[in-house]
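J.: Next input, structure requested:
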Amino acid sequence: MSLRLLALGLTLPLSLDAALAAGALASPSRTRAAGHPRQGPTVRWDATHTAAVHDTTVARLTLHIDAGWHVYALTQEPSGPYPLRIRSSEDSGWQLRGAPRGPAPERQQTSVFGIPVEWYNSGAVILVPLERHGRTLFRRAPRLAVRYQACSATLCLPPTQVEVLSTEVAR
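T.: Sure thing, here's the model as predicted:
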């Protein structure tokens with residue numbers, strides 16, 4: 001068995017035990033990873049927030065991904081797989097008010113990357129503190145730019161960036 005890194009065009013040997021240890025469980029969702037309709041997982045991000053108080057709010061960004069796939073964590077060392085990165089979209093009228101916070105990730109001490117790897121499974125909720133910035137005529141909902149890399153036990157897809165519109169919910 002081997003691990004294929006599509007972004008780099010590399011194939012690395014991977015034992016069955018390592019493949020099983022690197023895999024993660026997750027639940028189904030709807031949208032295919034861009035450019036990989038047959039090989040890639042279905043990945044979906046949802047975001048909600050409450051009404052802004054004093055021009056601040058916290059968005060709840062939730063990951064949904066197919067079983068057997070995972071997304072590398074916010075805390076992933078950058079010298080290995082691409083870590084999860086979240087920022088406010090440029091023209092959304094919002095900016096980060098601090099670092100996004102996620103749950104404790106799954107962690108594997110050794111990996112084919114040669115460093116510890118950390119990942120999230122489906123259902124992981126990331127809290128993203130936001131504040132309005134600039135003067136805008138209309139109040140817009142926050143839009144988040146989310147960059148992630150999805151991998152299974154045998155395949156890593158190239159990093160993907162999506163924009164997620166947050167929906168306001170009642171307190």
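J.: What does the pLDDT read for residue 18?
T.: At residue 18, the model reports a pLDDT of 37.
J.: downstream neighbour of the helix or strand of the chain with the lowest mean pLDDT in the secondary structure list?
T.: Here the helix or strand of the chain ranked lowest by mean pLDDT, DSSP states H and E is helix 16-22, holding a mean of 34. For helix 16-22, the following helix or strand on the C-terminal side (DSSP states H and E) is strand 43-49.
J.: Now that next one: buried residues?
T.: By neighbour count on 16 or more other Cβ atoms under 10 Å, the buried set for strand 43-49 is 43, 44, 45, 47, 48, 49. From N, CA and C alone the C-beta is placed, and that goes for glycine too.
J.: For residue 109, state which of those is nearest.
T.: residue 43 (25.8 Å; Cβ to Cβ).
J.: What's opposite residue 49 in the beta bridge?
T.: Beta-bridge partners recorded for residue 49 (DSSP bridges): residue 168.
J.: Contacts only, for it.
T.: By Cβ atoms under 8 Å, 6 or more residues apart in numbering, the contact set of residue 49 is 57, 58, 59, 60, 130, 141, 142, 166, 167, 168, 169.
J.: Could you tell me the model confidence score at it?
T.: 95.
J.: can you check residue 145 too?
T.: 97.
J.: Check whether it really touches residue 160, as I assumed.
T.: No: using Cβ atoms under 8 Å, residue 145 is not in contact with residue 160, being 11.3 Å away.
J.: Any idea what residue 131 is bridged to?
T.: residue 56, residue 95.
J.: still on that earlier bit, nearest to residue 66, out of the buried residues of strand 43-49: which one, please.
T.: Distances from residue 66 to these, taken by Cβ to Cβ, are shortest for residue 43, at 7.8 Å.
J.: how about the nearest residue to the closest one, chain neighbours excluded?
T.: Nearest non-adjacent residue to residue 43, counting by Cβ to Cβ, 6 or more residues apart in numbering: residue 65, 5.0 Å away.
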